[in-house]
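**Student:** Provided below for reference: sequence and predicted model.
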Amino acid sequence: MFQQRTQKSGRSVTTWYRSGGLSAVFFALPLVLIFLYFSWGPIVRGLVLSFQKNNLVAPPEWVGMSNFSYVLTDPQLPQAALNTLYFALLALVFGFPVPLFLAVFISELRKTGWLYNVLSYLPAVVPPVAAILLWTFFYDPSTAGVFNSILGWFGLGPFAWLNSQTLAMPAIVLEATWAGAGATSIIYLAALTGVRTELYEAAELDGAGIRSRVWHVTLPQIRGIILIMMLLQLIGTFQVFTEPFLFTGGGPNNATTTILLLIYRYAFINGDFGAATALSVLLAGVLCVLSVVYHFVTRRWSTT
């Protein structure tokens, strides 16, 4: 039996060689090596850098776990972590349903759906920096500000918005939701095209209204996509940087300082790239654990 297995294995290798398998390996090898160099190379370099004292000018010095001890004992880290969690919570509770609602709303339109589709995607076309500068004008704390002027018609305000420790983070979440909802709704619309029309027809014959059709037909049919998008949003919100950096710079009084903004300060203000990389590695580890836990928690929901 062992000889038969050896003969079969030898014949399979010979067949693979004669069919051009070796040529395919040599043809794909450069592409694989380039992919590994540009994808995994920075990861390995970052892991090494996290154990070094390095300002990218002087020769690096191996310091072991000192960078991790430094960032974990930094008094700014708890505040940055809480701010990041607060942003993620607000974005999940208020921002996550918006693109799903947009996709369902657009899918119910027959003639003008394409127009709403284009309008919802327009914020994704605007460059992020330009959009943030525009919203900074909207958030003008004076009575001449756009939002304060509108709220003034109803006898409300003026509000400090980005200058307020209480309102700064919700204001950033509002702009981030506006900027990302259009692109996400396109993904949901693509998922909705895979829902069988006979399910909607059967629900209509049973007298189900639009709310019942959405709750009992649409959402169960695309729950796998919903769970994936929720995980991607959680990962994205933990890495928020552009909005707090350009809107407030982490203020007022560090009320919008996030993990990535703290990493930026380590690297480009303090010149401590080792500490910045160490905190980046810790954040990556937390996100990996979060992804694994999320997968096991939601595995039953995505398959039932």
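**Tutor:** Looks like it came in fine. Numbers count the residues shown, from 1 in each chain.

**Student:** what's the top helix by length along the chain packed up against?
**Tutor:** The single longest helix within the chain, with elements called by DSSP state H, is helix 273-303. The elements that helix 273-303 packs onto, with contact taken as 3 or more C-beta pairs under 8 Å, 6 or more residues apart in numbering; DSSP states H and E, are helix 21-49, helix 66-72, helix 223-238, helix 259-264. For glycine as for every other residue, the C-beta is placed from the backbone atoms N, C-alpha and C.

**Student:** Kindly calculate the angle that it makes with helix 21-49.
**Tutor:** For helix 273-303 and helix 21-49, the angle between their directions (axes from the mean of the first three to the mean of the last three C-alpha atoms, to 10 degrees) works out to 120 degrees.

**Student:** Could you list the buried residues of helix 273-303?
**Tutor:** Residues of helix 273-303 classed as buried: Phe273, Gly274, Ala275, Ala276, Thr277, Ala278, Leu279, Ser280, Val281, Leu282, Leu283, Thr298 (neighbour count, 16 or more other C-beta atoms under 10 Å).

**Student:** do stretch 226-241 as well
**Tutor:** Taking 16+ other C-beta under 10 Å as the basis for neighbour counts, the residues of stretch 226-241 that come out buried are Ile226, Leu227, Met229, Leu231, Gln233, Leu234, Thr237, Phe238, Gln239, Val240.

**Student:** Can you check what pLDDT the model gives Gly113?
**Tutor:** In this model, Gly113 is scored at 63, pLDDT.

**Student:** what about Val98, how many neighbours?
**Tutor:** For Val98, the neighbour count with other C-beta atoms under 10 Å is 17.

**Student:** got it, and Ala160?
**Tutor:** When counting by other C-beta under 10 Å, one arrives at 17 neighbours for Ala160.

**Student:** just the one 5 residues further on next, same as before
**Tutor:** Taking other C-beta under 10 Å as the criterion, the count of residues near Gln165 is 13.

**Student:** ok, now which ones touch the spatially closest residue to it that is not a sequence neighbour?
**Tutor:** The shortest distance from Gln165 to any residue other than its chain neighbours is 4.1 Å, reached at Ala255 (C-beta to C-beta, 6 or more residues apart in numbering). By C-beta atoms under 8 Å, 6 or more residues apart in numbering, the contact list for Ala255 reads Asn83, Gln165, Ala168, Met169, Thr248.

**Student:** Closest one of those to Phe147?
**Tutor:** Ala168 (13.6 Å; C-beta to C-beta).

**Student:** so the closest one touches Glu175, yeah?
**Tutor:** No - taking contacts as C-beta atoms under 8 Å, Ala168 lies outside contact range of Glu175: 11.3 Å.

**Student:** Give me the more crowded residue out of those two.
**Tutor:** Taking Ala168 and Glu175 together and counting by other C-beta under 10 Å, Ala168 has the greater number of neighbours (24 against 20).

**Student:** which residues touch that one?
**Tutor:** Per C-beta under 8 Å, 6+ apart, neighbours of Ala168: Trp161, Leu162, Phe247, Thr248, Gly251, Pro252, Ala255, Thr256.

**Student:** okay, now the third one: neighbour count?
**Tutor:** Each residue near Phe247 was counted by other C-beta under 10 Å, and the total is 23.

**Student:** Look at Ser39 and report its pLDDT.
**Tutor:** 85.

**Student:** Distance check, Thr193 against Val25.
**Tutor:** Applying C-beta to C-beta, to the nearest Å, the value for Thr193 to Val25 is 39 Å.

**Student:** Nice, that's everything, thank you.
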